[in-house]
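**Student:** give the three-dimensional model of this entry:
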Amino acid sequence: MTSSLNLWLIPVLPLAGAAINGFLGKRSSRTAVSTIGLVFPGAAFAWALSVALRFSSLPQIPYQEYVAHWIRSGSFSADFALYLDQLSLVMLLVVTGVGFLIHIYSVGYMWDDPSYYRFFSYLNLFMFFMLTLVLANNYLVMFIGWEGVGLASYLLIGFWFTKDSAASAGKKAFIVNRIGDFGFLIGLFLIIQHFGSLNFVQVFDQVRPISPETAGAGLLTAIGILLMVGACGKSAQIPLYVWLPDAMEGPTPVSALIHAATMVTAGVYMVSRSHMIFERAPMALTVVAIIGTLTALFAATIGVAQTDIKKVLAYSTVSQLGYMFMACGVGAFSAGIFHLMTHAFFKGLLFLAAGSVIHAVGGEQDMRKMGGLRSYIPWTFLTMLIATLAIAGIPPLAGFWSKDEILWKAYQGNRVYWLVGVITAFITSFYMFRLLFMTFFGDYRGIQVDERGKVHSAHGPDDHAHGEPHESPMVMLVPLMILAFLSLVGGLVGIHNGFEHFLAPVFGAAEVAHGAGETSTGSTELLLMGVSVTVAFAGAILAWVLYVSKPYLPQKVADALNGLYVAVLNKYYIDELYATLFVEPLVECSTRILWHGVDQKIIDDSINDAADGARHVSDEVRQMQSGNLRSYAGWIAAGSALVIAYMIWFGVGR
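**Tutor:** Residues are numbered from 1 along each chain as shown. Now for the predicted structure:
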């Protein structure tokens with residue numbers, strides 16, 4: 001098999017950048033760090049584009065490239081090898097393309113940070129692991145990338161580790177992901193035990209002849225559910241979603257790269273890659289659909305009351321990922337990947353635009369202290385408006401095409417999923433336009449400094465003056481403009497099922513089989529499209545009424561809802577519930593049993609008592625070394641008597 005594509009270069013290039021900046025960046029200028037930090041992921045993106053251009057001329061798809069032999073144990077083997085088909089090509093272009101734009105943006109956003117070199121080293125390292133994940137030809141190499149992005153995420157979320165909140169958020173993300181990874185690993189062990197391999201081609205060739213487990217739960221159902229446990233951790237689904245909102249403690253480019261465009265979509269990619277298993281395990285597919293649908297609605301309801309601009313986007317990400325899993329759960333894997341791609345465009349844009357807003361107002365993230373910013377930062381406003389229209393599902397922007405495709409497939413699969421999806425679409429439109437109106441409309445509610453240097457504050461004397469809001473530099477605005485363009489036109493690839501046809505060699509058989517027997521007229525599809533567009537506009541109109549036309553109403557609504565509003569504002573107290581049920585008992589158990597009981601009472605005491613015993617014995621024995629000759633003679637006589645008595649008693653020598 002030819003290796004002319006040299007796929008290995010794509011992940012290795014960012015790794016080289018990470019190593020150079022990691023080892024030499026502290027002694028280098030910011031310009032040198034920026035150059036290294038951009039050139040290597042940029043070269044990876046350029047190489048990915050060249051691969052895409054040559055893809056159609058490949059003699060065989062999927063294309064596999066063996067890099068090195070790795071594990072040999074009996075009949076089991078796993079090579080370090082790469083795999084390219086239509087699915088991995090889409091992921092490859094999304095990761096390198098959007099990732100490179102976020103790297104460019106980071107130059108402006110992080111320029112004044114004292115650990116500038118460390119940030120770019122971590123960012124490049126993340127790119128290496130994510131590209132390893134999407135290019136892997138077996139589950140074991142995928143797992144390297146899977147764990148690697150978890151490590152890089154931990155480093156980037158806790159980048160400002162001197163802040164307790166950032167350090168805690170990094171640890172929370174790392175630990176919660178380990179819970180999901182435990183399920184993923186058990187699933188891989190079952191695959192090894194029953195199929196003797198982790199290679200995609202070999203495993204799926206053995207799975208293909210197996211009949212669907214319609215009579216109940218079997219091996220494939222168990223594997224599918226365990227894989228979904230891993231996906232819940234990485235892609236922040238119920239009940240393991242709690243790490244992602246806290247991950248906003250990291251720098252905003254981190255939120256855009258890891259928690260919008262790449263890492264959090266790894267679970268969706270893994271489930272889609274494993275479609276051969278899931279399509280033969282209907283019960284596992286149902287679990288995927290239910291978790292995705294519930295997560296989409298649940299996270300959206302939390303987003304309506306948040307006041308931190310990044311927290312709103314965080315819960316929006318959790319909700320949109322739920323849409324992707326809903327699509328996978330009804331067998332519409334291509335629709336899920338389609339939304340994954342468009343989501344990378346508009347959610348990456350939303351996070352970067354939010355970063356531009358935060359940059360403009362001197363680090364403030366509370367939307368209640370913003371307002372009226374569209375006259376100060378018009379380019380940021382325009383790009384965020386485009387992203388908001390896209391995520392709300394307003395035609396003809398990218399989010400409309402992919403979300404409508406998911407709702408259509410959900411309607412065919414289970415109309416309850418469709419109904420929940422439509423309700424979620426309404427809530428999504430509402431909270432996103434709420435964010436837009438609170439941030440950019442009305443009067444500026446933050447701190448302003450007039451031409452004489454006098455501070456004017458709308459929210460208290462203790463706040464620091466940041467001056468008048470200002471537009472971001474071009475190095476930050478250009479990535480916004482490119483992502484805005486992609487958010488405008490990126491969904492057009494789905495016209496006439498173009499995206500689905502492209503992915504048909506990967507998913508075609510599974511989706512056709514799952515959709516067999518479902519028939520609907522074109523008028524039905526148009527009617528459902530009309531419903532989804534209507535609810536999108538309804539959400540926007542409601543947000544306009546509450547936050548622009550009659551801004552006094554939200555407080556009245558909050559007072560009327562009382563306890564419900566407080567519960568939503570506090571995220572339904574899920575974090576507190578987890579702390580009570582899991583964290584505090586674990587800490588108590590660790591403190592009382594493991595620390596005080598095992599460590600101190602058993603391990604420490606046994607070591608200390610042994611040391612004390614040895615000291616006491618040595619204190620007694622050293623009395624024999626007195627230096628007195630008569631004492632020595634007495635000890636010799638006593639010892640001789642004991643030896644003679646022993647010999648007489650036991651008859652030694654007879």
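
**Student:** and the next element down the chain from the longest helix seen in the chain?
**Tutor:** Among the segments of the chain that qualify as a helix by DSSP state H, the longest is helix 164-195. Once the chain leaves helix 164-195, the next helix or strand it forms, by DSSP states H and E, is helix 200-207.

**Student:** other SSEs contacting that following helix?
**Tutor:** When contacts are defined as 3 or more C-beta pairs under 8 Å, 6 or more residues apart in numbering; DSSP states H and E, helix 200-207 sits against helix 164-195, helix 275-278. (Glycine included, C-beta is placed from N, CA and C.)

**Student:** redo that, cut-off 10 Å
**Tutor:** strand 76-84, helix 139-157, helix 164-195, helix 219-234, helix 275-278 (3 or more C-beta pairs under 10 Å, 6 or more residues apart in numbering; DSSP states H and E).

**Student:** contacts only, for the nearest residue to residue 341 once chain neighbours are set aside.
**Tutor:** Spatially, and ignoring its direct neighbours in sequence, residue 341 is nearest to residue 94 (5.7 Å; C-beta to C-beta, 6 or more residues apart in numbering). With contact taken as C-beta atoms under 10 Å, 6 or more residues apart in numbering, residue 94 is in contact with 48, 130, 134, 261-262, 265, 269, 337, 340-345, 348.

**Student:** kindly list the longest strand within this structure.
**Tutor:** Looking across the chain with DSSP state E, the single longest strand is strand 63-73.

**Student:** what pairs with that one, parallel or antiparallel?
**Tutor:** strand 76-84 (antiparallel) (DSSP bridges).

**Student:** buried by neighbour count: which residues of the strand it pairs with qualify?
**Tutor:** Residues of strand 76-84 classed as buried by neighbour count (16 or more other C-beta atoms under 10 Å): 77-84.

**Student:** pull the number of nearby residues for the closest residue to residue 248 other than its chain neighbours.
**Tutor:** Excluding the flanking residues, the one nearest residue 248 by C-beta to C-beta, 6+ apart is residue 310, at 4.1 Å. The burial count assigned to residue 310 is 22, neighbours taken as other C-beta atoms under 10 Å.

**Student:** ok, now how distant is residue 310 from residue 51?
**Tutor:** Here the criterion is C-beta to C-beta, to the nearest Å. By it, residue 310 lies 34 Å from residue 51.

**Student:** likewise for residue 435?
**Tutor:** 37 Å.

**Student:** and the two? which has more neighbours close in?
**Tutor:** Between residue 435 and residue 51, counted using other C-beta under 10 Å, the more crowded position is residue 435 (26 against 21).

**Student:** flag every buried residue along whichever helix or strand that one is part of.
**Tutor:** Assessed by DSSP H and E, residue 435 sits inside helix 415-440. Judged by neighbour count using 16+ other C-beta under 10 Å, the buried positions of helix 415-440 are 417-418, 420-422, 424-440.

**Student:** that helix: how far from the chain's middle?
**Tutor:** 22 Å (C-alpha atoms, centre = their mean, to the nearest Å).

**Student:** packing partners for it?
**Tutor:** So helix 415-440, by 3+ C-beta pairs under 10 Å, 6+ apart, packs with helix 282-303, helix 309-329, helix 333-360, helix 378-392, helix 398-413, helix 522-544.

**Student:** got a markdown table for those, with distance to residue 241 and mean pLDDT too?
**Tutor:** Converted to a markdown table, those look like this (distance: least, C-beta to C-beta, whole Å; pLDDT from 0 to 100):
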| stretch | distance to residue 241 | mean pLDDT |
| --- | --- | --- |
| helix 282-303 | 6 | 95 |
| helix 309-329 | 5 | 94 |
| helix 333-360 | 16 | 94 |
| helix 378-392 | 18 | 95 |
| helix 398-413 | 19 | 93 |
| helix 522-544 | 22 | 92 |
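
**Student:** make JSON lines from these and add distance to residue 219 to it.
**Tutor:** Formatted as JSON lines, these follow (distance: least, C-beta to C-beta, whole Å):
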{"stretch": "helix 282-303", "distance to residue 219": "11"}
{"stretch": "helix 309-329", "distance to residue 219": "20"}
{"stretch": "helix 333-360", "distance to residue 219": "21"}
{"stretch": "helix 378-392", "distance to residue 219": "39"}
{"stretch": "helix 398-413", "distance to residue 219": "24"}
{"stretch": "helix 522-544", "distance to residue 219": "37"}
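
**Student:** out of those, nearest to residue 626?
**Tutor:** Closest approach to residue 626 among the helices and strands packed on helix 415-440 is made by helix 309-329 (77.0 Å; C-beta to C-beta).

**Student:** what angle separates that closest one from helix 282-303?
**Tutor:** Helix 309-329 runs at 160 degrees relative to helix 282-303, counting by axes from the mean of the first three to the mean of the last three C-alpha atoms, to 10 degrees.

**Student:** if I read this right, residue 403 contacts residue 418, doesn't it?
**Tutor:** No. Using C-beta atoms under 10 Å, residue 403 makes no contact with residue 418, being 11.8 Å away.

**Student:** joint contacts of the two?
**Tutor:** Both residue 403 and residue 418 are in contact with residue 532, where contact means C-beta under 10 Å, 6+ apart.

**Student:** what residue ranges in the stretch 51-200 of the chain score low on pLDDT?
**Tutor:** Scanning the stretch 51-200 of the chain for pLDDT under 70 picks out nothing.

**Student:** actually the stretch 451-600 of the chain, not the one I typed
**Tutor:** Counting by pLDDT under 70, the ranges of the stretch 451-600 of the chain that qualify are 451-467, 509-521.

**Student:** would you map the strands across it?
**Tutor:** 455-456 (DSSP state E, counting those that start in this stretch).

**Student:** which parts of it are helices?
**Tutor:** Remark: helices assigned in the stretch 451-600 of the chain by DSSP state H, counting those that start in this stretch are 474-489, 498-514, 522-544, 553-561, 563-569, 574-578, 584-589.

**Student:** tell me the centre residue of the protein?
**Tutor:** residue 264 (3.0 Å; C-alpha atoms, centre = their mean).

**Student:** now do the contacts for it.
**Tutor:** Residue 264 sits next to 149, 153, 234-237, 241, 244, 247, 258, 317-318, 320-321, 324, 340, 343, 347 when contact means C-beta under 10 Å, 6+ apart.

**Student:** how about the contacts made by the residue nearest to residue 248?
**Tutor:** Counted by C-beta under 10 Å, 6+ apart, residue 310 has contacts 245, 247-250, 252, 255, 259, 350-351, 354-355, 357-358, 365.

**Student:** and the gap between it and residue 166?
**Tutor:** To residue 166, residue 310 is 13 Å away according to C-beta to C-beta.

**Student:** what residues do those two have in common as contacts?
**Tutor:** With C-beta under 10 Å, 6+ apart, residue 310 and residue 166 have common neighbours 247-250.

**Student:** ramachandran angles for the spatially closest residue to residue 115 that is not a sequence neighbour?
**Tutor:** Nearest non-adjacent residue to residue 115, counting by C-beta to C-beta, 6+ apart: residue 159, 7.3 Å away. Main-chain dihedrals, residue 159, degrees, to the nearest 10: phi -60, psi -50.

**Student:** how close does residue 159 sit to residue 121?
**Tutor:** 11 Å.

**Student:** just want to know which of the two has more residues nearby.
**Tutor:** residue 121 (25 against 22).
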